[in-house]
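> Attaching a predicted model along with its sequence, questions to come.
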Amino acid sequence: MARNTVAEQLVCTLVAAGVNRIYGVVGDSLNPVVDAVHDTDGIEWIHVRNEETAAFAAAAQAQVDGNLAVCAGSCGPGNTHLVQGLYDAQRSGVPVLALASHIPSRQIGTGYFQETHPERLFGDVTGFRELVSHPEQMPRLARVAIQHALGTPGVAVLVLPGDVAGRKATGDADTTPVVPVRATAWPAEDDVRELAKRINTAEKVALFCGAGTRGAHGEVMTLANRVNAPVGHTLRGKEWIQYDNPYDVGMIGLLGYGACHEALHEADLVLLLGCDFPYDAFLPRRNVVQVDRDPRRLGCRVPLTLGVHGDVAATLRSVLPLIGHKSDTRFLHDMLRRHERALTKVVEAYTGNIADRTPIHPEYVARLLDEAAPDDAVFTVDTGMNNVWAARYLTPNGRRRVIGSFTHGSMANALPHAIGAAYAAPDRRVISLSGDGGLSMLLGELITVHQHGLPITTVVFDNSSLGMVRLEMMVDGMPAFQTDHPPVDYAAIAGAIGMRALRVTRPDEVRDALREAIAAPEAVLVDVVTDPNALSIPSRITADQVAGFALSAGRTVLQGGVGSMIDLARSNLRNLPRP
C-alpha cells in the first residue's frame, strides 16, 4: 500500500531514471527503502550476503549495460562494507549510485549505536555525498546524485537517515529524463595540426592503447596501417583493440608479454591512446604524446611532448586526413617478428606434455576455457594470477567482455562482478575466473548465485595458494610465507549449498568439465585443482628481479604461456617478407 513516504519518492525517482534493481543487504535503517521497493512495480531488491558484493555487482552491471546501477548499505557497518566495491566502480569510471542509510537524524553526532559519518567515509570515493536531512530535499537531491553518477561517470552517494526515509513526502517523484554522457569531445584544431606534424616527421611510431579506445578500433587500425605502427595495449584495452589487429605486439607491465616493451622504447614517437597505465616504470619517458577525453590524465604518468584533449575516435578522425603514408615497414615488421619469437619461446617453456601433467597447469585450463566459451561471453576475473591468465589466454573478438578490478586491484571481485553482469546480460554466458583466495573471501555469494538462479559458470583455479603474493615475495628474494593454505574442496561446498558442482583433478577431465558447465542452463561451479608452482613472470624483468628469483629457493617459476595469442602473432607474420 502506497504511503507516500520519502523512501517511496526516492524509489519512484530511481525507476523513472531507468533503475530496475538495487543490490544490498536489508536491515533496520534501510527498511523504509526496502519496503518501498517491495511496493513499487518495475524494480526489485537483489539480496546479497555482503554489501561489498552489492557495490561490485552494481559496478559490473554498469560496465556491461552502460546504465546507472544502484547499491545500498544500512547504517554503520553496512556503509563501510560498501567502500571496497565503490572504489572499484569509481576507478573504473562507471555510473553507480550508493544509498547509504544513516542512524536516526536526531541522534547524529551523539556517538549513537552504529554511528558513522558517511559524508566523510566516502570522501575519497566520490565528489558527491550528501545527507538528506528533511523530506523537502527529496527528490531534488536524488536527481542531483543520479545526474552526478551518470555525468562523471562515476560514483555518487546519497545519505538517508532511516527516520527521514519513513516520513511523509512533500511532493512527487522526479520523473524528468536523466542525461547520460553521450557528447563527443573533439580536439582543438591547433592540437590536431601539431599531432599530425609530429606523426608525419617521426620515422618509427608506436601506439599504446587503453580502455579509452572503446569505439575507436577502426580509427586505430587505419592509423597503424598508414604509419606502419606496432600496436600494444593495456589489460583494460585488450577487449577493444586486440581483435582483428594485424599490428598487435602484446602488453607491457607485470602481466605483459610479447614485443610491446621493445616497440614503445625503440619508437621515435609513442602515442598513448585512451590509457592511464599506472606502472610508469614500464613506459618510455621521451617523445610521448597522449590523447584522452579526460584532461586530468594528460601527463599524469610520464612527461609529454604533446597532450591532446579529446575522444580517441574523434581525435583520430580529425588527424587522419593530415597524415601521410609511410612506406618504410622495417620497424613494424621487426617488432612483429620479435613478438612472434617471444611468444614461441614462452610457449615452448611450458607446453611439453602439459596435458598429461598433474597438478593441472592453470595455463592449460585457461586455454581450454577460452576455446569452450561462447563468442559473446562475459568474463569476470579475480585479481592476482587470474589476471595473468585472462591477459594471455582470453581471446577478444569485439563481442566478448573481460571485467575485473583492473585499476583498484581488489581480491574477491570476480564472483560479485559476475552477479551484476548476469543481471545486465541475461542472454549471455557469464564466466567467473575465480582464484581460490578470492572466492573464499566472499564465499557466501555462492548462496546468492544459487538463490537467484543465476546461470553463472564459476571456474575456480584452486591452487591452495595466493599465487601473485608468492610471486611478489620471490621477486624480492624472500621465501614464500603465509601464502599457502590446506586444500579445500570448493565443489563440495557448492554442492552443499545446492549448486551443481564438478571437481577436476586430472588434465584429461578439464575440457569436458568446462564444456558441460558452460552448456548447463543453471549455475555450475568447476573446481580445478591447479599447480601452485605455475607462476608467471613479466616479459621484461630487471637484474634486481632476477637476483630476487635466484635468492628465493624451492619454487618452480614458469613464464606463463600465451595461448591463442601466438596463433595471432604467427598469422600476422604470414604476409611479411623474410629478412
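Structure's in. What do you need?

> Please enumerate the strands of the stretch 151-300 of the chain.
Counting by DSSP state E, counting those that start in this stretch, the stretch 151-300 of the chain has these strands, from start to end: 155-161, 205-209, 231-233, 269-273, 288-292.

> Turn those into a markdown table, including mean pLDDT and mean neighbour count.
Backbone N, C-alpha and C define where each C-beta goes, glycine included. Formatted as a markdown table, the strands of the stretch 151-300 of the chain follow (pLDDT from 0 to 100; neighbours: other C-beta atoms under 10 Å):
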| stretch | mean pLDDT | mean neighbour count |
| --- | --- | --- |
| strand 155-161 | 98 | 28 |
| strand 205-209 | 98 | 28 |
| strand 231-233 | 97 | 30 |
| strand 269-273 | 98 | 28 |
| strand 288-292 | 98 | 24 |
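
> Could you point out the longest helix of this protein?
Taking DSSP state H as the criterion, the chain has its longest helix at helix 330-350.

> C-alpha coordinates for it, PDB please?
Presented in PDB, the C-alpha positions along helix 330-350 are these (Å, rounded to 0.1, in the frame of the first residue of the first chain):
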ATOM      1  CA  ARG A 330      61.100  -2.200 -41.300                       C
ATOM      2  CA  PHE A 331      60.200  -1.100 -37.700                       C
ATOM      3  CA  LEU A 332      56.800  -2.700 -37.800                       C
ATOM      4  CA  HIS A 333      58.000  -5.900 -39.300                       C
ATOM      5  CA  ASP A 334      60.900  -6.200 -36.900                       C
ATOM      6  CA  MET A 335      58.500  -5.800 -34.000                       C
ATOM      7  CA  LEU A 336      56.100  -8.400 -35.300                       C
ATOM      8  CA  ARG A 337      58.900 -10.900 -35.700                       C
ATOM      9  CA  ARG A 338      60.200 -10.200 -32.200                       C
ATOM     10  CA  HIS A 339      56.700 -10.600 -30.900                       C
ATOM     11  CA  GLU A 340      56.200 -13.900 -32.600                       C
ATOM     12  CA  ARG A 341      59.700 -15.200 -31.400                       C
ATOM     13  CA  ALA A 342      59.000 -14.000 -27.800                       C
ATOM     14  CA  LEU A 343      55.700 -15.900 -27.700                       C
ATOM     15  CA  THR A 344      57.200 -19.000 -29.300                       C
ATOM     16  CA  LYS A 345      59.900 -19.100 -26.700                       C
ATOM     17  CA  VAL A 346      57.400 -18.700 -23.800                       C
ATOM     18  CA  VAL A 347      55.100 -21.300 -25.100                       C
ATOM     19  CA  GLU A 348      57.900 -23.800 -25.500                       C
ATOM     20  CA  ALA A 349      58.800 -23.200 -21.900                       C
ATOM     21  CA  TYR A 350      55.600 -24.800 -20.600                       C
END
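
> now the following helix or strand past that helix and helix 330-350, what's the angle there?
Heading C-terminal from helix 330-350, the first helix or strand you meet, by DSSP states H and E, is helix 362-372. Helix 362-372 runs at 110 degrees relative to helix 330-350, counting by axes from the mean of the first three to the mean of the last three C-alpha atoms, to 10 degrees.

> Just the buried positions in helix 362-372, please.
362-370, 372 (16 or more other C-beta atoms under 10 Å).

> so what does that helix touch, helix or strand wise?
helix 385-393, strand 430-435, strand 456-462, helix 510-519 (3 or more C-beta pairs under 8 Å, 6 or more residues apart in numbering; DSSP states H and E).

> Turn these into CSV, including distance to Leu332, mean neighbour count and mean pLDDT.
Below are these laid out as CSV (distance: least, C-beta to C-beta, whole Å; neighbours: other C-beta atoms under 10 Å; pLDDT from 0 to 100):
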stretch, distance to Leu332, mean neighbour count, mean pLDDT
helix 385-393, 22, 27, 89
strand 430-435, 33, 29, 97
strand 456-462, 36, 28, 97
helix 510-519, 37, 19, 98
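
> I'd assumed Ala57 was in contact with Ile419.
Yes - at 4.4 Å, Ile419 counts as touching Ala57 under the criterion of C-beta atoms under 8 Å.

> Give me the common contacts of these two.
By C-beta atoms under 8 Å, 6 or more residues apart in numbering, Ile419 and Ala57 have these common neighbours: 23, 46, 48.

> Centre-most residue in this structure?
Centroid check for the chain by C-alpha atoms, centre = their mean gives Gly404 as the closest residue, at 2.9 Å.

> That one bridge partners, please.
Per DSSP bridges, the residues bridged to Gly404 are Val381.

> need the contact list for the nearest residue to Ala173 once chain neighbours are set aside.
Nearest residue to Ala173, sequence neighbours excluded (C-beta to C-beta, 6 or more residues apart in numbering): Cys12, at 3.5 Å. By C-beta under 8 Å, 6+ apart, the residues touching Cys12 are 40, 139, 173, 175.
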